[in-house]
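>>> Build me a structure from this.
(chains A and B)
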Amino acid sequence: MITAVLTGVGTVCAFGSGVGELWRGLAEGRSAVAPVRQFSAANLGVQVAGEATAADIDAEWIRTQLPPDMAITLEAKLQALQLRGALRDRKLGFAVVAAAEAWTMAGLGEADRDLPLILAHGLEHGFPEDFAPLLRNGRVDWRLANTESGSVRMRSPVDAAGRAIRQLFGLRGPLVAPVSACAAGAMAVADAAQMVARGEADLVLCGATDSMLNPLGMGGMARLGAPSPRAEVDACRPFDVRRDGLAMGEGAAVFVVENAERARARGATPLAVVLGAGTSQDAFRATAPLPDGSAAARAIMVALRSARLAPSELGYVNAHGTGTPLNDPAECRALHAALGAHAELVPVSSIKGAIGHLMAAAGAVEIAASLLAFQRDLLPGTAHHQQRDPVCDVDVIGEQPRRARIDVLLSNSFGFGGQNCAVVLGRAP
Amino acid sequence: MSVAVVGWGLRTALGSDADAALSALLRGETAARPPRSFDGTDYRAQLVAEIDGDPAPSRHARYLRRLALLGCEVAQAALRQSGVATGDRLGLFAAVGGLRVHWQELMGPMAQQRADASDCWQRGLRGLHPHWLLRHLSNNAHALLAADIHARGDGATLAGATAGAQAIAAASRALNAGAIDAALIVAYDRLLEPETLVDLGQRGLPAMVGLQSWVGPYAGNAGGMIPGEAAAALVLVREAEAPLCWVQARATADGELSEPAGSTLAAAAAPLARGIAVVDGAARGVPTLDSAERIALGSVVDGNAALLATAAGLGQTGAAAAVVQTIVLALVLRSGMLPPIACVDVPAVGPLRPVVTPTPTAATAALGLCSGAPGLAAAVRVDVEKPR
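Sure thing, here's the model as predicted:
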């Protein structure tokens, strides 16, 4: 039986670049959701979010976030991406920075460039600034888009960030692009761990990146009605009786998943063991979770079964916890269905109040956040959670983190459209 | 490990179902035509393979675009044919191509925007239809289909040019691990969206001549690929007494930014190539790519193996390709007749034997290859007798 361990992690989120910044923000019980600064969101239906940075993402911004030697190595390739206009899609830059951190932390090198890359993405990004000049008499004149050979125009392909990482790091292995909405990031980690456990790869780079913090993305979400209508920093209040919607966020998390024996042999320090994972589908609606949580419960039970663990062995649950009226009660019912009596005992929190909902990247960043439990014996808190909704009858950790030494945790990701993924992590021996 | 196919559904530019596609392929037909559903003068691609007709009226039409609706139709057909049980033990794996922004639906909200996005809400975004984002979601077809058919088992939505092969592989793993008892694969893609045609044109891949002048893949003067569209579905189970076929899939990649090297296609094929005498090539119709593919394949299959190019008839179908090939190759093997490569009289010299006239075959296994950017390659092995 091959064990998969995490030997590298990198993140970008509203707390900043680097997993240390994520852990620091959570350890201090802070929230980074704030008024949007990149552009004027006045009159936009959504005005607050967890922005990773107010800056435009360009080669210079990325260079400043990279380890110095890597910044030098990648400079020319970053410039090439910038010249093609690719870096305007913010999630590319986030993914590159997170991948660089994970790659460096794991101590990977030239011999590792054949590893598979499983990078989850959200929606394709369209560039309105490219679109406008093509408008002629009420239609798009696509002939005008044909003039620049080889450039990225109009759109950033669905796997654009994966392509960028492959190009920058010289990767030559398989590329997989899960797009299972908000469960995609967790699925990427689960797939990578299973690939290692099956012996198909000794080493996998995996994770997710997303940003919908642009006028079209935020406008579209606003019209959909998912975000909180309040333009307040506590827009997202998971499990709180006053919760009224999510706060959008952006960022990325990338991991190195590795065969434990290989990691041990080369002296790498595991961050955690990936013990199990499970997926399921609500088969209910595109826009609402199955109210009884039974399908989500199935994902949790499959994950525990694959980890060969009893519910009572769980020490912490990092919830999907969007802060929407429908999601949080459904998730609590899922926990009760899957964990039985232990559902009332195990501490539960959601970090979406602190950094927003990172959409396709949410599951991956939340797995990274959960590592705080193993790294510092701290369970992340639930920013802006003050009064538990009685229908959310679980032990919700309040705004401040809770000190506890645990050995096993569960991270839930329940995507829009009812795609569910649960991942069980264990403390590294 | 192979899994059994017990149901399928197919909608391509060569007819409204799988049998129609096979018949047309055996006649050496191609669906390649000048565009009919859009103004082709905007693009370098002069020939495309479009599906005739529209999906049946559906309550999902407000959330799903045409190809996704067709995907749901073929998925339902496959499920009916299979007779498998729905519920917790039925998985659903979807393969989609690019997601695209669909600018044509944004004309109103975008027309008055400024480059700095100032006043963007007042300048049009408030006019976005509430369903616009739902129509743009990566997994909307997956979500609605799962609800329709009550599939609650394992599942994933995968994107990219080899997503179909990846979906088959993921479903096979879930089946063989015992996590589910049946899996529905649905794959759909449309390479005829404006952004895709622009991208393909910039990469110099599509046919840029009229049909009379176009020469198909594996000829020395092959005239480029035919962008197409397709929706295809399979129902997979671990074992079955008399399945439609058995299938195995594998996807890999190299460091190329555009099409993969021939050796990468061969690497995808190699683990599945034992005893293979029929290969449906990636058929990109670019002589340098075709030649490299044949040379590389010559090292993993018999150099005299028959070489097909179903994409010359059906068009390139992106994320749907591996699923389309599974169905078409199973039908080809069951028919005992190999279809000729459309619009090729004299193939280029090289390893493997391009089929230019309908040719009887006793083969019971075939290999299908597909590819796409960036450096993605995949292979499916189809057996009509249970593989040992």
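>>> Distance of the residue of the stretch 1-150 of chain A found nearest chain B relative to A:Ala404?
With distances taken as C-beta to the nearest C-beta, the stretch 1-150 of chain A approaches chain B most closely at A:Gly126, which sits 3.1 Å away. For the C-beta atoms, the positions are set from N, CA and C on the backbone; glycine is no exception. With distances defined as C-beta to C-beta, to the nearest Å, the gap from A:Gly126 to A:Ala404 amounts to 45 Å.
>>> quick one: average confidence on stretch A:74-92?
For stretch A:74-92, the per-residue pLDDT values average out at 92.
>>> Go ahead and name everything in contact with it.
A:52, A:56-59, A:62-63, A:66, A:93, A:96, A:100, A:121-122, A:125, A:127, A:130, A:150-153, A:156, A:160-161, A:164, A:167-168, A:209-211, A:213-214, A:250, A:252, A:361 (C-beta atoms under 8 Å, 6 or more residues apart in numbering or on different chains).
>>> Can you name every helix or strand that the helix or strand hosting B:Tyr188 contacts?
According to DSSP states H and E, B:Tyr188 maps onto strand B:182-190. Counting contacts by 3 or more C-beta pairs under 8 Å, 6 or more residues apart in numbering or on different chains; DSSP states H and E, strand B:182-190 is packed against helix B:66-82, strand B:90-96, helix B:140-149, helix B:163-176, strand B:229-237, helix B:321-335.
>>> what stretches of chain A score poorly on pLDDT?
Within chain A, the stretches falling below the threshold (pLDDT under 70) are A:145-155.
>>> Can you give me the domain boundaries for it?
Using automatic domain parsing, the domain parsing of chain A gives A:4-265, A:275-426.
>>> For A:Ala272, which residues are in contact?
Applying C-beta under 8 Å, 6+ apart, one finds that A:Ala272 lies in contact with A:5-6, A:371, A:374, A:425-428.
>>> biggest strand in chain A, by residue count?
Assignment by DSSP state E gives strand A:248-259 as the longest strand of chain A.
>>> Which elements pack onto it?
Taking 3+ C-beta pairs under 8 Å, 6+ apart as the contact definition, the neighbouring helices and strands of strand A:248-259 are strand A:4-13, strand A:48-50, helix A:90-106, helix A:184-197, strand A:203-211, helix A:215-224, helix A:352-355, helix A:362-370.
>>> can you do 6 Å?
Applying 3 or more C-beta pairs under 6 Å, 6 or more residues apart in numbering or on different chains; DSSP states H and E, we find strand A:248-259 packed against strand A:4-13, helix A:90-106, helix A:184-197, strand A:203-211, helix A:362-370.
>>> Please export the C-alpha coordinates of that strand as PDB.
As requested, the backbone C-alpha atoms of strand A:248-259 are provided in PDB (Å, rounded to 0.1, in the frame of the first residue of the first chain):
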ATOM      1  CA  MET A 248     -16.100  36.400  -3.400                       C
ATOM      2  CA  GLY A 249     -12.300  35.800  -3.200                       C
ATOM      3  CA  GLU A 250      -9.400  34.900  -5.400                       C
ATOM      4  CA  GLY A 251      -6.200  33.000  -5.200                       C
ATOM      5  CA  ALA A 252      -4.500  29.700  -5.700                       C
ATOM      6  CA  ALA A 253      -3.000  26.800  -3.800                       C
ATOM      7  CA  VAL A 254      -0.600  24.300  -5.300                       C
ATOM      8  CA  PHE A 255       0.800  21.100  -3.600                       C
ATOM      9  CA  VAL A 256       3.400  18.600  -4.200                       C
ATOM     10  CA  VAL A 257       2.000  15.200  -3.600                       C
ATOM     11  CA  GLU A 258       4.600  12.500  -3.200                       C
ATOM     12  CA  ASN A 259       5.000   8.800  -2.500                       C
END
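>>> quick one: it to helix A:184-197, angle?
Calculated by axes from the mean of the first three to the mean of the last three C-alpha atoms, to 10 degrees, strand A:248-259 forms an angle of 0 degrees with helix A:184-197.
>>> residues of strand A:248-259 that come out buried?
Along strand A:248-259, these residues count as buried under the neighbour rule (16 or more other C-beta atoms under 10 Å in any protein chain shown): A:248-259.
>>> any idea how far it is from the chain center?
Using C-alpha atoms, centre = their mean, to the nearest Å, the mean C-alpha position of strand A:248-259 is found 6 Å from that of the whole chain.
>>> so how far is chain A from the nearest residue to B:Ala141 once chain neighbours are set aside?
Setting aside the residues directly before and after it, B:Ala141 is nearest to B:Ala68 in space (C-beta to C-beta, 6 or more residues apart in numbering or on different chains), at 4.0 Å. Between B:Ala68 and chain A the distance, using C-beta to the nearest C-beta, to the nearest Å, works out to 12 Å.
>>> for B:Leu331, same thing?
Distance, B:Leu331 to chain A, by C-beta to the nearest C-beta: 29 Å.
>>> try B:Ala366
Counting by C-beta to the nearest C-beta, the gap between B:Ala366 and chain A amounts to 23 Å.
>>> Surely that residue and B:Leu331 touch.
No. At 10.5 Å, B:Ala366 does not count as touching B:Leu331 under the criterion of C-beta atoms under 6 Å.
>>> so how many other residues sit close to A:Ala98?
The number of residues packed around A:Ala98, counting by other C-beta atoms under 10 Å in any protein chain shown, is 34.
>>> For B:Thr361, give its distance to B:Asp148.
Distance of B:Thr361 to B:Asp148, given as C-beta to C-beta: 38 Å.
>>> Same question for A:Leu309.
Plainly put, A:Leu309 is 34 Å away from B:Asp148 if you go by C-beta to C-beta.
>>> Also A:Ser180?
When distances are taken as C-beta to C-beta, A:Ser180 and B:Asp148 turn out to be 18 Å apart.
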